[in-house]
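**Student:** Build me a model from this:
(one chain, ligands or ions: 2)
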Amino acid sequence: MEIEKTKQMAEMISIEEALQIIKDNIPGPAIQEYSIEDAIGRHLTDNIYSPEASPRFTNSAMDGYAVRWEDVREASPTLSVSLKVVGESRAGIPYQGQVKNGEAIRINTGAMLASECDTVVRVEDTEEQDDSVRISASIKQGQDIRRQGEEFQEGDLLLHEESIISAPQAALLASVGITKVKAYKPCEVAVMVTGSELVSNGDAIAEHQIRDSNMIMLRAAIQESGGMVTHCSRVSDDRQATIESIGQAKADIILCTGGVSVGRHDHVKEAAEANDYAPLFWRIRQKPGKPLYLAKKDKTLLFGLPGNPVSAFMCYAHYVRPLISALNGFSFGWPTVSGEAAADIINRGKRANMIRVQLAWRPNGGFSITHAEKQGSHMLTSLSDADGYVILEPGQTLKSGERSDVYRYVFRREPV
Ligand code: AMP
Ligand code: MG
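**Tutor:** Ligands and ions are numbered 1, 2, ... in the order given. Next comes the predicted model:
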């Protein structure tokens, strides 16, 4: 989709146009080699093939006796067979000698099988006395043995390039001696909040002041999305201070909040451009979050999120979060779930509305979607009480019983 540059800045654009501009400007993800420990939660860039077979050597699946099957083929509950116990193979200490006809060795789970043996008799089916063992159960040839390579062979595919390294994958890699993997590097994000009215949570507050909730909100959201916060700052509504603060922020993504509307004290756009950021769009036909601004310098994308915490969060959820996913090697997208409206949900406004909704699980009936009560863009409870949002076009009604996708507030690192 080619969107005219002049239109992007002069007119409000649609949600789809804004998303397309972001997608057109995503730099390639960064890749790094990590130790297995540091790769937990990361996303592999390449297929991983095994350097060795598993099991590495044929071993016992049980505690018992390693035998030659030909010696015990006649054994049964009514006919016991006695073998001479000539040694032991323990986990980590294999038996060094040979096992001849009529002989057996004690063996532990995981211990190497002597090469002459082909079967393990469980300790429960035996009785040991005076250096010999009596076996009085029917024994199948090859029972209770884990054969070399029965799980996978050297060169087999172990992990697909889209795998996320979590505990089982880390264990698998460690089990075959792999110590390092290539994974996507989490994208770096700088956060800069603007507003002369802001004080930090915990500090003394005057009647006319506002507690800064955007900083913690964005930091948490970035962390949950798999991004890495590398820089945080807060500036007053001062042109020069805003220019300097943006100049100091170095990251893949810079998130500014506030100061992006048309007020006399809104300096973010001007300050970004004074730092040679090229504007990509400003203002989207949506509610909340109309004044969203995007600019680019080299590979860095700078968002001017609105100051209202709800607007800032909705812009984050719909535009920044999928971008972080893409920079982390996932696809650009959202976690969604399909649900059924419990009652009519209507957009009576003139812009697309990101309506916050609650989801309820109805046993055997999937999710129901309910319009969250308070929707004011200054009301954080409209987020904390909601599970996600639906987007309705102006005049659109999601009728009771109608299905819709809900964009969920799930920011965990999941493939989407
Ligand atoms: P602005 O976009 O700068 O005009 O801010 C819009 C509204 O959001 C104002 O009521 C601000 O006080 C409020 N606001 C801006 N930044 C923050 C913040 N970091 N935390 C809480 N409220 C904020
Ligand atoms: Mg402000």
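**Student:** need the residues of the stretch 251-400 of the chain near ligand 2, please.
**Tutor:** If contacts are counted using C-beta under 5 Å from the ion, the residues of the stretch 251-400 of the chain sitting beside ligand 2 are 258-259, 307. Heads up, the C-betas are built off the backbone N, CA and C, glycines and all.
**Student:** Okay, buried residues for the longest helix anywhere in the chain please.
**Tutor:** When the chain is scanned for its longest helix (criterion: DSSP state H), the result is helix 214-225. Buried positions in helix 214-225, judged by neighbour count with 16 or more other C-beta atoms under 10 Å: 214-215, 217-219, 221-222, 225.
**Student:** on contacts alone, who are the packing partners of the following helix or strand past it?
**Tutor:** Towards the C-terminus, the helix or strand next in line after helix 214-225, according to DSSP states H and E, is strand 228-235. Contact partners of strand 228-235 among helices and strands, from 3 or more C-beta pairs under 8 Å, 6 or more residues apart in numbering; DSSP states H and E: strand 188-194, helix 214-225, helix 239-248.
**Student:** quick one on the thing from earlier: distance to residue 368 and pLDDT added to the buried residues of helix 214-225, as a markdown table?
**Tutor:** Written out in a markdown table, the entries for those read as follows (distance: C-beta to C-beta, whole Å; pLDDT from 0 to 100):
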| residue | distance to residue 368 | pLDDT |
| --- | --- | --- |
| 214 | 32 | 98 |
| 215 | 35 | 98 |
| 217 | 27 | 97 |
| 218 | 31 | 98 |
| 219 | 33 | 97 |
| 221 | 26 | 96 |
| 222 | 31 | 96 |
| 225 | 27 | 92 |
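**Student:** interface residues of the protein facing ligand 1?
**Tutor:** With C-beta under 6 Å from any ligand atom as the criterion, the chain meets ligand 1 at residues 193, 195, 197-198, 210, 212-214, 257-259, 261, 263, 306-309.
**Student:** make it 5 Å
**Tutor:** With the criterion set to C-beta under 5 Å from any ligand atom, the chain comes near ligand 1 through 193, 195, 210, 212-214, 258-259, 306-308.
**Student:** Would you mind checking which of the residues you listed is nearest to residue 324?
**Tutor:** Taking C-beta to C-beta as the measure, residue 214 is the one of these closest to residue 324, at 16.9 Å.
**Student:** Leaving out the residues flanking it, which one is nearest to that closest one?
**Tutor:** The spatial neighbour of residue 214 that comes closest, neighbours along the chain excluded (C-beta to C-beta, 6 or more residues apart in numbering), is residue 257 at 4.5 Å.
**Student:** how many neighbours does the residue in the chain positioned nearest to ligand 1 have?
**Tutor:** Sorted by distance to ligand 1 under C-beta to the nearest ligand atom, the residues of the chain start with residue 307, at 2.3 Å. Residue 307 sits with 26 neighbouring residues when counted by other C-beta atoms under 10 Å.
**Student:** secondary structure class for it?
**Tutor:** Assigned state for residue 307: coil (three-state reduction, DSSP: H, G, I helix; E, B strand; the rest coil).
**Student:** Report the contact partners of it.
**Tutor:** Residue 307 makes contact with 194-195, 214, 257-260 under the criterion C-beta atoms under 8 Å, 6 or more residues apart in numbering.
**Student:** Could you do residue 137 as well?
**Tutor:** Shown here is residue 137, whose contacts under the criterion C-beta under 8 Å, 6+ apart are 75-77, 121, 125.
**Student:** elements contacting the biggest strand by length in the chain?
**Tutor:** Ranked by residue count and defined by DSSP state E, the top strand of the chain is strand 352-362. Judged by 3+ C-beta pairs under 8 Å, 6+ apart, strand 352-362 is in contact with strand 286-287, strand 366-371, strand 388-392, strand 403-408.
**Student:** what sits up against it?
**Tutor:** Applying C-beta under 8 Å, 6+ apart, the set of residues contacting strand 352-362 from outside is 14-15, 285-289, 314, 318, 337, 339, 342, 345, 347, 367-372, 375, 382-383, 385-394, 406-408.
**Student:** in its sheet, what does that strand sit against?
**Tutor:** In its sheet, strand 352-362 lies beside strand 286-287 (parallel), strand 366-371 (antiparallel), strand 388-392 (antiparallel), with partners assigned from DSSP bridges.
**Student:** hang on, the earlier thing: need the helices and strands packed on strand 352-362 in CSV (columns: mean pLDDT).
**Tutor:** CSV is the format used below for these (pLDDT from 0 to 100):
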stretch, mean pLDDT
strand 286-287, 96
strand 366-371, 95
strand 388-392, 97
strand 403-408, 97
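**Student:** I'd assumed residue 66 was in a strand, is it?
**Tutor:** Yes - remark: residue 66 belongs to a strand, assigned using three-state DSSP.
**Student:** What about the contacts of residue 137, which one has the most neighbours?
**Tutor:** Ranked by neighbour count under the definition other C-beta under 10 Å, the contacts of residue 137 are headed by residue 121 with 25 neighbours.
**Student:** residue contacts, residue 373?
**Tutor:** Under the contact definition (C-beta under 8 Å, 6+ apart), the residues listed for residue 373 are residue 385.
**Student:** May I have the phi/psi pair for it?
**Tutor:** Main-chain dihedrals, residue 373, degrees, to the nearest 10: phi -60, psi -60.
**Student:** And the pLDDT at it?
**Tutor:** Turning to residue 373, the model gives it a pLDDT of 82.
**Student:** Nearest residue to the residue in the stretch 51-200 of the chain positioned nearest to ligand 2 in space, please, no chain neighbours.
**Tutor:** Residue of the stretch 51-200 of the chain nearest ligand 2, by C-beta to the ion: residue 195 (4.1 Å). Excluding the flanking residues, the one nearest residue 195 by C-beta to C-beta, 6+ apart is residue 258, at 4.7 Å.
**Student:** The one you found: neighbouring residues, count only.
**Tutor:** Residues near residue 258, counting by other C-beta under 10 Å, number 31.
**Student:** Quick check: residue 208 vs ligand 2, distance?
**Tutor:** Noted for residue 208: a distance of 13 Å to ligand 2, by C-beta to the ion, to the nearest Å.
**Student:** Just to be sure, that residue is in a helix?
**Tutor:** No - checked against three-state DSSP, residue 208 lies outside a helix; its state is coil.
**Student:** mind listing what it touches?
**Tutor:** By C-beta under 8 Å, 6+ apart, the neighbours of residue 208 are residue 197.
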